[in-house]
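Undergrad: Model the structure of this input:
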Amino acid sequence: MSAKTSVILLTPRIARSLVKLGRDIDVARKKRRLTIAALCERAGISAPLYARLVAGAPGTSVGAYAMVLFALGMGTPFDSLMDAAMDDTGLLLEEERLPSRVSNPRKRSGAL
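TA: Alright, predicted model coming up:
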C-alpha cells in the first residue's frame with residue numbers, strides 16, 4: 001500500500017447509512033428537477049465527486065455533503081448535529097459526575 005492510499009473501514013450499518021444518504025440526496029435533486037451538472041455548479045463540486053457522494057463512498061468529504069445539502073436548500077444541517085445542548089448522553093454523564101456535596105474551600109488565598 002502506498003503512502004497516499006488509505007483504507008477506511010466501516011461497519012456495515014454505517015456503510016448502509018452512507019449509501020442511503022447518497023440515494024436520498026439524489027432523490028432530492030430529482031424532485032427539484034435539477035440536473036447533476038446544475039447541482040454540481042451550485043454546490044461547487046465536480047460531477048465525479050457527486051457520483052462518489054451518491055454512491056456512499058466513505059472517503060467523500062463532509063464539506064462536499066454540506067455544500068450539496070446547502071445547494072438543495074437544506075440550509076446548514078450540521079449546525080445542530082452535535083449541539084452540546086442536545087447531547088442527552090453527554091448531559092447525563094456530566095450530571096453523574098457532579099459531587100454529592102459541595103463545601104466551602106478550607107484554605108483562603110489572598111485573592112479577591
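
Undergrad: Give me the contact list for the longest helix seen in the chain.
TA: Counting by DSSP state H, the longest helix found in the chain is helix 12-31. Helix 12-31 has contacts (Cβ atoms under 8 Å, 6 or more residues apart in numbering) with 10, 36, 39, 53-58, 65, 68-69, 72, 74. Bear in mind the C-beta positions are built from the backbone N, C-alpha and C, glycine included.

Undergrad: rerun at 6 Å
TA: L39, L53, V54, A55, G56, V68, L72 (Cβ atoms under 6 Å, 6 or more residues apart in numbering).

Undergrad: Same question for it: list its buried residues.
TA: Judged by neighbour count using 16 or more other Cβ atoms under 10 Å, the buried positions of helix 12-31 are L18, L21, G22, I25, D26, A28, R29.

Undergrad: can you list the weak-confidence ranges in this protein?
TA: The chain contains residues with pLDDT under 70 at 1-6, 108-112.

Undergrad: swap the cut-off to 80 and go again
TA: By pLDDT under 80, the low-scoring segments of the chain are 1-8, 105-112.

Undergrad: which residue is nearest the middle of it?
TA: Residue closest to the average C-alpha location in the chain (Cα atoms, centre = their mean): F78, at 5.7 Å.

Undergrad: hey, C-alpha coordinates of stretch 34-54 in CSV?
TA: What follows is stretch 34-54, C-alpha atoms only, in CSV (Å, rounded to 0.1, in the frame of the first residue of the first chain):
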residue,chain,number,x,y,z
LEU,A,34,-32.0,19.7,-11.2
THR,A,35,-29.5,18.1,-13.5
ILE,A,36,-26.4,16.7,-12.0
ALA,A,37,-24.4,19.5,-13.8
ALA,A,38,-26.7,22.2,-12.3
LEU,A,39,-26.4,20.9,-8.8
CYS,A,40,-22.7,20.4,-9.0
GLU,A,41,-22.3,24.0,-10.3
ARG,A,42,-24.4,25.3,-7.4
ALA,A,43,-22.5,23.2,-4.9
GLY,A,44,-19.1,24.0,-6.4
ILE,A,45,-18.2,20.3,-6.8
SER,A,46,-17.3,18.1,-9.8
ALA,A,47,-19.6,15.5,-11.3
PRO,A,48,-17.3,12.6,-10.3
LEU,A,49,-17.3,13.8,-6.7
TYR,A,50,-21.1,13.9,-6.8
ALA,A,51,-21.1,10.4,-8.2
ARG,A,52,-19.0,9.2,-5.3
LEU,A,53,-21.2,11.1,-2.8
VAL,A,54,-24.4,9.5,-4.2
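
Undergrad: Nothing else from me, thank you.
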